[in-house]
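# any chance you could fold what I've pasted below:
(2 chains)
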Amino acid sequence: MPSATDAQHLALRGASRSFGSVRAVDRVSLSFARGSFTALVGPSGCGKTTILRLLGGLDAPDAGSCERETGGVLSTGFLFQEPRLLAWRTVRENVALPLELAGIAAPERLARADEALRLVRLADAGTRFPHQLSGGMKMRASLARAIIARPALLLLDEPFGALDEVTRHELDMELRALWERERFTAILVTHSLPEAAFLAERMIVFSPRPAQVVAEIATPAGARDARFWTGDALGACVRAGSEAMLRAIEEARR
Amino acid sequence: MKSRALAVLGPLVAIALAILAWAAIKWALDLKDFVLPSPLGVALAFLDDPAPFLRGALQSAGSALLGFAIATVGGVVLGSAISLSRVVERSVYPLTLLFQMVPLVAIAPLLVLWFGYGRPAIVASAAIVSIFPVIASTVAGLGARDPNLAELFRVLGAGRLATWWKLALPSAVPSIVTGLKIAAGLATIGTICGEFLAGTAGENAPLGVMITTALRNFQTDRVFVSVLLAAAVGFAVFGTVSLVSRLLLARWMR
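From the prediction side, this is the model:
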């Protein structure tokens, strides 16, 4: 159960956001406990990414509020759909970028980059350039960059969507293992129900635009392994999620 | 392999044909040597005493490289200033365009007035004609950064200056290099033009002066030698810039 302080960690309270005449998010209230892993799922274009941007402080709601942990800025890491690496820098220089911009000296930030690269199992690739990496390795480097500053909050915007199925499963497993070890608060936007059920502790299903919460589904606790992908537990979550989503889509049509 | 042989043989055959056509025209129209010397006559004029020609070529190459270097530094600095500040962009950029429209031959006499006869005026002439493509390519390159990477820098809390130095300028390098290649050719043209007006005769007369001197003495064969050497200088400057930029761009391209 989220405690009172946990509720203050990060929450949306009746938040709405419109772009011109298009309402992307409609009176959404959600709170996130410290160290939790939540997946936001819904049909494409439903406003999930807008919610993520509100949570990350990149955008502000028109109505309602977004409460981020008080007493300073909630340190936040972002993982985008694309790796977004700088082509002219080596992998470790890329990973060290957040620390570099924070003014941390080269020896320290590069040492920490190597450490972050070890965490994502990319220790050997530090001196290579992005163009020498595969798509999956680029995403690993991007993940290392997102966690190098040890953020309390990691926001993931369909990070592995462009990868092939096998690489995607592999990275999902490592992301989950990383979270189990580090226990940052993680919020993932995805349109893949299996991925949401695999990674997160809690799936929040949204209606088509404007995004409204239609279901909250708890996923099984405990560690994940490759067999979890094909297991009944994941299947049940996916079924529940699909049903909720289909109901919402049908209602929206009416 | 086949295309490689073509790449080497093709130009050689074309050059041989051009020399043959040259000899044929002279023979068919029965032209005097001072109107059009024979290819052999030009070769002999050079081989008779190559030292002054080579000294002249070295002089001109030095002026071209110096003018090019000034244009490179000045162009990148000016282009950066233009793209960093909206006020400067609005006020200075049209001015540089206007400046570009002024024919060099029209301002060259002024350069003589300001710098006197000799190298400074020649280098200034080379720098003036070659600076514009550097400015334009810098402005274009700095304006064309990836919006995804710009968002990454925003998310990481990078300041304006850090974003410019670590993102905009490196992103602009391929564009700037394209401008530098154009500038390399122009610097040679500017040098020869400058030498026409501001060059001094004597032991170390540069190619532009050798051309005007030989013309006055109806030594058309020597004019041809100087012109061909001027082209060779242009090639050498362009080749040097291309080679350096290829090494530099190893990190960017691919």
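
# show me what contacts the closest residue to chain B within the stretch 151-254 of chain A?
Going by Cβ to the nearest Cβ, chain B is nearest to residue A:155 of the stretch 151-254 of chain A, at 9.2 Å. Where C-beta positions appear, they are placed from N, C-alpha and C, glycine not excepted. Residue A:155 makes contact with A:52, A:55, A:56, A:76, A:77, A:78, A:79, A:187 under the criterion Cβ atoms under 8 Å, 6 or more residues apart in numbering or on different chains.

# how does it look with 6 Å?
Residue A:155 makes contact with A:52, A:56, A:78, A:187 under the criterion Cβ atoms under 6 Å, 6 or more residues apart in numbering or on different chains.

# before we move on, what about residue B:25?
Contacts for residue B:25 (Cβ under 6 Å, 6+ apart) come out as none.

# and the next helix or strand past the host helix or strand of it?
Residue B:25 belongs to helix B:2-29 when assigned by DSSP states H and E. Heading C-terminal from helix B:2-29, the first helix or strand you meet, by DSSP H and E, is helix B:39-48.

# only the buried residues of that next one, if you could.
Across helix B:39-48, burial judged by 16 or more other Cβ atoms under 10 Å in any protein chain shown covers B:41, B:42, B:43, B:45, B:46.

# so what touches that helix?
Under the contact criterion Cβ under 6 Å, 6+ apart, helix B:39-48 has outside partners B:19, B:22, B:23, B:53, B:221, B:222, B:224, B:225.

# can you get me a residue count around residue A:168?
19 (other Cβ atoms under 10 Å in any protein chain shown).

# isn't it up against residue A:159?
No. With contact defined as Cβ atoms under 6 Å, residue A:168 does not reach residue A:159; the gap is 9.5 Å.

# so for the strand or helix carrying residue B:91, mean pLDDT?
Here residue B:91, judged by DSSP H and E, is contained in helix B:86-101. Helix B:86-101 shows a mean pLDDT of 77.

# can I get it as CSV, trimmed to CA atoms?
Extracted in CSV, the C-alpha atoms of helix B:86-101 (Å, rounded to 0.1, in the frame of the first residue of the first chain):
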residue,chain,number,x,y,z
ARG,B,86,18.5,36.6,-33.4
VAL,B,87,19.5,40.3,-33.4
VAL,B,88,22.8,39.6,-35.1
GLU,B,89,21.1,37.2,-37.5
ARG,B,90,18.6,39.8,-38.6
SER,B,91,21.1,42.6,-39.0
VAL,B,92,24.4,41.1,-40.0
TYR,B,93,23.4,38.1,-42.2
PRO,B,94,21.8,40.2,-45.0
LEU,B,95,24.9,42.4,-44.9
THR,B,96,27.2,39.5,-45.6
LEU,B,97,24.9,38.5,-48.5
LEU,B,98,25.2,42.0,-49.9
PHE,B,99,29.0,41.9,-49.3
GLN,B,100,29.1,38.7,-51.3
MET,B,101,27.5,40.4,-54.3
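
# ok, the residue nearest to residue B:23 when sequence neighbours are not counted to residue B:56 distance?
Excluding the flanking residues, the one nearest residue B:23 by Cβ to Cβ, 6 or more residues apart in numbering or on different chains is residue B:39, at 5.5 Å. Applying Cβ to Cβ, to the nearest Å, the value for residue B:39 to residue B:56 is 21 Å.

# also residue A:104?
On the measure of Cβ to Cβ, residue A:104 and residue B:56 end up 55 Å apart.

# which of the two has more neighbours?
Set residue A:104 next to residue B:56 and count neighbours by other Cβ under 10 Å: residue B:56 wins out with 25 against 16.

# pull out the buried residues from stretch B:150-162.
Quick answer for stretch B:150-162 (16+ other Cβ under 10 Å): B:152, B:153, B:155, B:156, B:158.

# confirm residue B:108 sits in a helix?
Yes. Judged by DSSP: H, G, I helix; E, B strand; the rest coil, residue B:108 forms part of a helix.

# residue B:132 - how many residues pack around it?
Residue B:132, neighbours per other Cβ under 10 Å, totals 21.

# what helix or strand is it on?
Going by DSSP H and E, residue B:132 is in helix B:119-143.

# the inter-axis angle of that helix versus helix B:86-101?
Relative orientation of helix B:119-143 versus helix B:86-101 (axes from the mean of the first three to the mean of the last three Cα atoms, to 10 degrees): 130 degrees.

# tell me the mean pLDDT over helix B:119-143?
So the average pLDDT for helix B:119-143 ends up being 92.

# and it, how far from the chain's centre?
10 Å (Cα atoms, centre = their mean, to the nearest Å).

# beta partners of residue A:31?
Beta-bridge partners of residue A:31, counted by DSSP bridges, are residue A:11.

# quick check, it in contact with residue A:12.
No. The criterion here is Cβ under 6 Å, and residue A:31 misses it with residue A:12 at 7.7 Å.

# ok, the two, which is more surrounded?
Of the pair residue A:31 and residue A:12, residue A:12 is the one with more neighbours under other Cβ under 10 Å, namely 23 against 16.

# excluding chain neighbours, what is closest to that one?
Nearest residue to residue A:12 in three dimensions, chain neighbours excluded: residue A:30, at 4.9 Å (Cβ to Cβ, 6+ apart).

# ok, now residue B:146?
Nearest one to residue B:146, counting by Cβ to Cβ, 6+ apart, is residue B:171 at 6.8 Å.

# how many residues are close by the one you found?
Using other Cβ under 10 Å: residue B:171 sits among 21 other residues.

# and it, what element?
Going by DSSP H and E, residue B:171 is part of helix B:169-198.

# in terms of secondary structure, what does that helix contact?
Counting contacts by 3 or more Cβ pairs under 6 Å, 6 or more residues apart in numbering or on different chains; DSSP states H and E, helix B:169-198 packs against helix B:50-84, helix B:104-115, helix B:119-143, helix B:207-216, helix B:220-249.

# which among those helices is found nearest to chain A?
Among the helices and strands packed on helix B:169-198, helix B:220-249 sits nearest to chain A (Cβ to the nearest Cβ), with 9.2 Å.

# any buried residues in that closest one, and which?
Buried, per 16+ other Cβ under 10 Å, within helix B:220-249: B:220-230, B:233-234, B:236-238, B:241, B:245, B:248.

# whether it contacts chain A - can you check?
No. Using Cβ under 6 Å from any Cβ of the partner chain, helix B:220-249 never reaches chain A; the gap is at least 9.2 Å.

# what angle do that helix and helix B:207-216 make?
Using the same axes, to 10 degrees: helix B:220-249 against helix B:207-216 is 160 degrees.

# which SSE is immediately downstream of the helix or strand containing residue A:177?
In this assignment (DSSP H and E), residue A:177 forms part of helix A:165-182. With elements assigned by DSSP H and E, the helix or strand that comes after helix A:165-182 is strand A:185-190.

# summarise which helices and strands the helix or strand of chain B with the lowest mean pLDDT is packed against.
Here the helix or strand of chain B ranked lowest by mean pLDDT, DSSP states H and E is helix B:86-101, holding a mean of 77. Judged by 3+ Cβ pairs under 6 Å, 6+ apart, the packing partners of helix B:86-101 are helix B:50-84.

# go again with 8 Å.
helix B:50-84, helix B:119-143 (3 or more Cβ pairs under 8 Å, 6 or more residues apart in numbering or on different chains; DSSP states H and E).

# most packed of the ones you listed?
helix B:119-143 (a mean of 25; mean count of other Cβ atoms under 10 Å in any protein chain shown).

# and the following helix or strand past it with helix B:169-198, angle?
Moving toward the C-terminus from helix B:119-143, the next helix or strand (DSSP H and E) is helix B:147-155. With the same axes, to 10 degrees defining the directions, helix B:147-155 sits at 110 degrees from helix B:169-198.

# does chain A sit close to the next helix or strand after helix B:147-155?
Scanning forward in sequence from helix B:147-155 by DSSP H and E, the next helix or strand is helix B:160-163. Yes. Applying Cβ under 8 Å from any Cβ of the partner chain, one finds helix B:160-163 in contact with chain A at residue B:162.
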